[in-house]
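K.L.:
show me how the following folds:
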Amino acid sequence: MEHANLGEWLTASCKRWGGRVAIDDGRQVVSYADLDRLSAELAAELKDGGACASEPAVALVSNKAMDWMVTLAIWRAGAVLVPVHRTSPAHSFQEMLKRTGARWVVDATGNFEALGGSVPGARIHAASGAPPAHRPILDAAALIVFTSGSTGPPKGTVISHEAFSGKLQTLEKILHFSPDTRSLLVMQMTFSFGIWVSLLTLISGGTLVMREKFEALSVLRTLALDRITTVAMVPTMLRAVFSSPDADIARALETVASQETLEQILLGGEPLDALVDQRLRVRFPRIQVFDVYGTTETATSDFILSPADSPSLHGTLGRASPGVQYRVVDTDDRDVGEGESGELLLKSDFAMNGYLDDPELTREAYRGDHFRTGDIVRIRPDGGLEMIGRSKEIISRGGNKISPMEVELMLLSHPGVSEAIVTGVPDPIMGERIHALVVPVEGAAPSTQGLKAWIAARLDKFKVPDAIHFGSEIPRGRTGKADRGQLRRTLIESSHVQGGRKP
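P.N.:
Numbering: from 1, shown residues only. Sure, this is the predicted structure:
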């Protein structure tokens, strides 16, 4: 493998492309030479401070140009990158530090709000204490990416340099990145999709244009004015653009469609629904659209529906990427046939090392040597795989994956809540909205806004329920367990969604 270490690969790219613009975040422009020099300085600072090989180091990120300086510095110091959004609530952040055992928190802005405030002139916060004990799972690891699970707190997915760089090399052969590429990234660097799009741009000598958040009008204007050739988005973003009644957005959309600069749109993070797909192809018939499906645990991009395959495999996941094999099985682990549905299992050359400090959860994630995606697909007569649902109860809201139980546990920590259950309800814009049913403690009267504020102070903002309903009991199945499926069905039929009865 030509490049088995992401830090070495990105450093080589910096030295090759020198004075070319590497990153532009709208406020700061960083050249490849700047990225090389500044990351080397910070890596030396980490090493001089006692950072050890293969120990976790947290990078506080929010799509700023200097965030990639921090990322590269951590890799050059031999540490394992843990990307965390710099606005994460202190409660969530401290829990993550505890779980990883990270001693180092690095932020190019010196704004360590989650640790108590700004530190003028400082870019590294070092916790006291000895290095964490050696964990074999972190040997040669590049990333620890926290992903939501269906049964509690987010899981720390450990991905090796070899796996992620191997996946990038396969993507190089499929996607059209070059020194002329100008990629627009509005997804966060805490997500695997955002990380690989950024890396693929930078190792190709292109320019990464970053924005801290998605705002439809701002993004469309950036596409038009900044000569963007490639944009990575989740379908929810396109829904917001296409459904907006705003005249300025409509005009900006026409401008982008009339230009010839934008060459390709990369979509992922959630299923692409038929209506958005149709609008996209009618509005941008010249632009190549790549619809990507994958899991963090398999280094993403396990299936790609390319423009060449779209006519014949329209409505499917596309073709398996190089290095990926799959099975579709029923609950008895038997392969299903044409016209049947089952769980999609993946065998990847680029699979994770495992979940951090949780070998049992890692074992449960596999059937033999195939990773269990939890996604249910149907095999079409032409062999294409149609996504029809998820066996896991993860909520997909705007491309973000939310564990219902994580939100439930936070609701239950409120002194006025006796019981709580959370589910996702279909939504034409966001894909799904988060709905919670709360049973108050007798004599208590928690408010909707109060509960939302309680969660917002402790979890990421995208995990705050869109709607909170109150009742005297939660739905339960025959075994007495809380039944999220029943809540979901009731809400869809009820007045909260379609004008029927209340839950």
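
K.L.:
okay, CA-based contacts and neighbour counts for the rest of this
P.N.:
Fine.

K.L.:
my read: I137 touches L356, true?
P.N.:
Yes: I137 lies in contact with L356 (C-alpha atoms under 8 Å); the separation is 7.2 Å.

K.L.:
strands of the stretch 401-503 of the chain, start to end?
P.N.:
For the stretch 401-503 of the chain, the strands defined by DSSP state E, counting those that start in this stretch occupy 417-427, 431-440, 467-470.

K.L.:
the stretch 101-250 of the chain now?
P.N.:
Taking DSSP E, counting those that start in this stretch as the test, the strands found in the stretch 101-250 of the chain are 104-106, 111-112, 117-118, 124-126, 141-149, 152-160, 182-185, 207-210, 230-233.

K.L.:
longest helix anywhere in the chain?
P.N.:
Looking across the chain with DSSP state H, the single longest helix is helix 32-48.

K.L.:
shared neighbours, I137 and L356?
P.N.:
V158 (C-alpha atoms under 8 Å, 6 or more residues apart in numbering).

K.L.:
before we move on, back to that, out of the strands of the stretch 401-503 of the chain, nearest to A33?
P.N.:
strand 431-440 (41.2 Å; C-alpha to C-alpha).

K.L.:
just to revisit the earlier point, list the helices and strands the longest helix of the chain packs on?
P.N.:
On a contact count with 3 or more C-alpha pairs under 8 Å, 6 or more residues apart in numbering; DSSP states H and E, helix 32-48 meets helix 6-17, strand 21-24, helix 65-76.

K.L.:
looking at those, which is buried most?
P.N.:
helix 65-76 (a mean of 25; mean count of other C-alpha atoms under 10 Å).

K.L.:
ok, back up a step: would CSV of the strands of the stretch 101-250 of the chain with mean neighbour count and mean pLDDT be doable?
P.N.:
Converted to CSV, the strands of the stretch 101-250 of the chain look like this (neighbours: other C-alpha atoms under 10 Å; pLDDT from 0 to 100):
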stretch, mean neighbour count, mean pLDDT
strand 104-106, 23, 93
strand 111-112, 20, 72
strand 117-118, 12, 61
strand 124-126, 18, 85
strand 141-149, 23, 88
strand 152-160, 22, 89
strand 182-185, 28, 97
strand 207-210, 27, 98
strand 230-233, 22, 95
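
K.L.:
save those strands as JSON lines, and put in distance to L223 too.
P.N.:
Output for these, formatted as JSON lines (distance: least, C-alpha to C-alpha, whole Å):
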{"stretch": "strand 104-106", "distance to L223": "31"}
{"stretch": "strand 111-112", "distance to L223": "30"}
{"stretch": "strand 117-118", "distance to L223": "34"}
{"stretch": "strand 124-126", "distance to L223": "34"}
{"stretch": "strand 141-149", "distance to L223": "29"}
{"stretch": "strand 152-160", "distance to L223": "32"}
{"stretch": "strand 182-185", "distance to L223": "8"}
{"stretch": "strand 207-210", "distance to L223": "10"}
{"stretch": "strand 230-233", "distance to L223": "8"}
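
K.L.:
E297: which of those is closest?
P.N.:
Here strand 152-160 is closest among the strands of the stretch 101-250 of the chain (C-alpha to C-alpha), at 6.4 Å.

K.L.:
related to what we said a few turns ago, relative to L217, which of the strands of the stretch 401-503 of the chain is closest?
P.N.:
strand 431-440 (20.5 Å).

K.L.:
touching that closest one from outside, list them.
P.N.:
Residues contacting strand 431-440 (C-alpha under 8 Å, 6+ apart): 236, 395-399, 408, 416-427, 446, 463-474.

K.L.:
pull out the buried residues from those.
P.N.:
With neighbours counted by 16 or more other C-alpha atoms under 10 Å, the contacts of strand 431-440 contain buried members at 236, 395-399, 408, 416-426, 446, 463-465, 468-470, 474.

K.L.:
and the nearest residue to A250 once chain neighbours are set aside, backbone torsions?
P.N.:
In space, A250 comes closest to S244 once its chain neighbours are excluded; the distance is 7.8 Å by C-alpha to C-alpha, 6 or more residues apart in numbering. Reported as degrees, to the nearest 10, the phi and psi values for S244 are phi -70, psi 130.

K.L.:
for M405, give me the pLDDT.
P.N.:
M405 is assigned 84 on the pLDDT scale.

K.L.:
roughly how far does it sit from E419?
P.N.:
12 Å (C-alpha to C-alpha, to the nearest Å).

K.L.:
these two touch, right, F191 and V145?
P.N.:
Yes: using C-alpha under 8 Å, F191 is in contact with V145, at 7.4 Å.

K.L.:
what pairs with the helix or strand where A59 lies, parallel or antiparallel?
P.N.:
Assigned by DSSP states H and E, A59 belongs to strand 56-61. Looking at strand 56-61 with DSSP bridges, its partner strands are strand 80-85 (parallel), strand 104-106 (parallel).

K.L.:
what comes up buried for stretch 249-258?
P.N.:
In stretch 249-258, counting by 16+ other C-alpha under 10 Å, buried: 249-250, 252-253, 256-257.

K.L.:
next, format those as JSON lines and append pLDDT and distance to L184.
P.N.:
Below are the buried residues of stretch 249-258 laid out as JSON lines (pLDDT from 0 to 100; distance: C-alpha to C-alpha, whole Å):
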{"residue": "I249", "pLDDT": "94", "distance to L184": "18"}
{"residue": "A250", "pLDDT": "93", "distance to L184": "20"}
{"residue": "A252", "pLDDT": "95", "distance to L184": "16"}
{"residue": "L253", "pLDDT": "94", "distance to L184": "16"}
{"residue": "V256", "pLDDT": "95", "distance to L184": "14"}
{"residue": "A257", "pLDDT": "93", "distance to L184": "16"}
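
K.L.:
in helices, which of those fall?
P.N.:
Using DSSP H, 249-250, 252-253, 256-257 are the members of those that sit in helices.

K.L.:
between those, which sits nearest A40?
P.N.:
For those, the nearest to A40 is V256 (38.5 Å; C-alpha to C-alpha).

K.L.:
give the contact list for that closest one.
P.N.:
So V256 contacts 220, 223-224, 262 (C-alpha under 8 Å, 6+ apart).

K.L.:
what number of residues lie near D248?
P.N.:
13 (other C-alpha atoms under 10 Å).

K.L.:
how far is stretch 303-317 from where the chain is centred?
P.N.:
Offset of stretch 303-317 from its chain centre (C-alpha atoms, centre = their mean, to the nearest Å): 22 Å.

K.L.:
just to revisit the earlier point, kindly reformat the strands of the stretch 401-503 of the chain as CSV containing mean pLDDT.
P.N.:
CSV is the format used below for these (pLDDT from 0 to 100):
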stretch, mean pLDDT
strand 417-427, 92
strand 431-440, 95
strand 467-470, 97
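
K.L.:
which one of those strands lies closest to Y32?
P.N.:
Here strand 431-440 is closest among those (C-alpha to C-alpha), at 37.7 Å.
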